[in-house]
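Student: got a sequence here, can you model it:
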Amino acid sequence: MSLLPYASLAHRRKSFRVTGDVVLLSTQTASDSASIDFTSGITSTYGEYIFKFYNINPANDSVDLSFQVNATDGADYNDSNITAIFFAAQHDEADSATDLDVDSGRSVAQTTDFMALSGGTGNGADESCAGEFHLFNPASTTYVKNFYSVVNQYSAANAARVLYASGYINDTTAVDDIQFKMSAGNFDGTIKMWGVKN
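Tutor: Model (predicted):
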C-alpha cells in the first residue's frame, strides 16, 4: 500500500498552517470597574480585532456585558448606530428548562445604545461569563463594520447559557475606540485585544 496520499495530505496540512497572524495587542483587567476602554491600537494595521473575555463577574445581579464604539469623528460612545440580532440557548441546573430563541429585547435596530453581548449574568462569587467578540475592518471609510460574538455564562437563573450576537455598526467613518461595560453596575474580569493580519 502506498503512503503517498498520507504524505501528501500531511504536506498540505503543513502548507496551510499559519503562524504569527494573530497578535496580542492589549490586556486590561477590571477590578470593580465601570468599564474597560480600548482607546489605542485599533488601526488599519489589522483587518480583524478579537476581544476575549475572561471571568467577567458583575457587581449587580442579572446584568449584561455590552459594548459600543467611538468613531474617529465622535466625542463619546453614543454616535454610531448598531443593528444586530441576539439569540440564546440555555439549560438549567434542575434539567427542567431548555430554550433556543431570538431575544427580541436585546436585538436592536439603528440604536446608539450599548449592545448586549451576554444576557442576565449572575453576580454570585462563582458566577461569570466568558467569550469573544470579533470586529471586522474597523478602519474602513467605505463599509459598515461587521461583528459577531459568542459568550457563555452562568446566568442568574442557575443555567448554562450560550449567547450569540451578530450585526453591523452602521458607520462608514473609521472606528478607533471600543468600550465594554455592564448594563448596570461595575464588574471584575479581564479583556484581551488581539489583531488579526489581513
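Student: what ranges do the strands span in the chain?
Tutor: For the chain, the strands defined by DSSP state E occupy 22-33, 35-38, 48-58, 65-71, 82-92, 98-102, 108-111, 115-116, 129-136, 145-154, 159-169, 175-182, 187-196.
Student: burial measure for the closest residue to residue 43 other than its chain neighbours, as a count.
Tutor: Of all residues not flanking residue 43 in the chain, residue 139 sits nearest, at 5.8 Å (C-beta to C-beta, 6 or more residues apart in numbering). No exception for glycine: its C-beta is placed from N, CA and C like everyone else's. For residue 139, the count of nearby residues is 17 (other C-beta atoms under 10 Å).
Student: same deal with the one 4 residues further on?
Tutor: Each residue near residue 143 was counted by other C-beta under 10 Å, and the total is 11.
Student: surely it touches residue 172?
Tutor: Yes: contact criterion C-beta atoms under 8 Å: residue 143 and residue 172 qualify, at 6.6 Å.
Student: measure residue 97 to residue 155 for me?
Tutor: Distance from residue 97 to residue 155, counting by C-beta to C-beta, to the nearest Å: 11 Å.
Student: and if you look at residue 176?
Tutor: 33 Å.
Student: coming back round to it: show me the contacts for the residue nearest to residue 43.
Tutor: By C-beta atoms under 8 Å, 6 or more residues apart in numbering, residue 139 lies in contact with 42, 43, 44, 174, 175, 176.
Student: hmm, which helix or strand of this structure has the shakiest average pLDDT?
Tutor: Ranking every helix and strand in the chain by mean pLDDT, DSSP states H and E puts helix 4-16 at the bottom, with a mean of 49.
Student: residue contacts, residue 174?
Tutor: Residue 174 neighbours (C-beta under 8 Å, 6+ apart): 44, 71, 72, 138, 139, 140, 141.
Student: low pLDDT regions in this protein?
Tutor: Within the chain, the segments meeting pLDDT under 70 span 1-19.
Student: is the residue positioned nearest the centre of the chain in a bridge, and if so with what?
Tutor: In the chain, the centroid-proximal residue (C-alpha atoms, centre = their mean) is residue 133; its distance is 2.2 Å. Beta bridges link residue 133 to residue 51, residue 149, judged by DSSP bridges.
Student: what of residue 83?
Tutor: In this entry, residue 83 is beta-bridged to residue 168, by DSSP bridges.
Student: and for it, the neighbour number?
Tutor: Residue 83 has 15 nearby residues by other C-beta under 10 Å.
Student: for it, give me its contacts.
Tutor: Shown in contact with residue 83 (C-beta under 8 Å, 6+ apart): 108, 109, 110, 111, 167, 168, 170.
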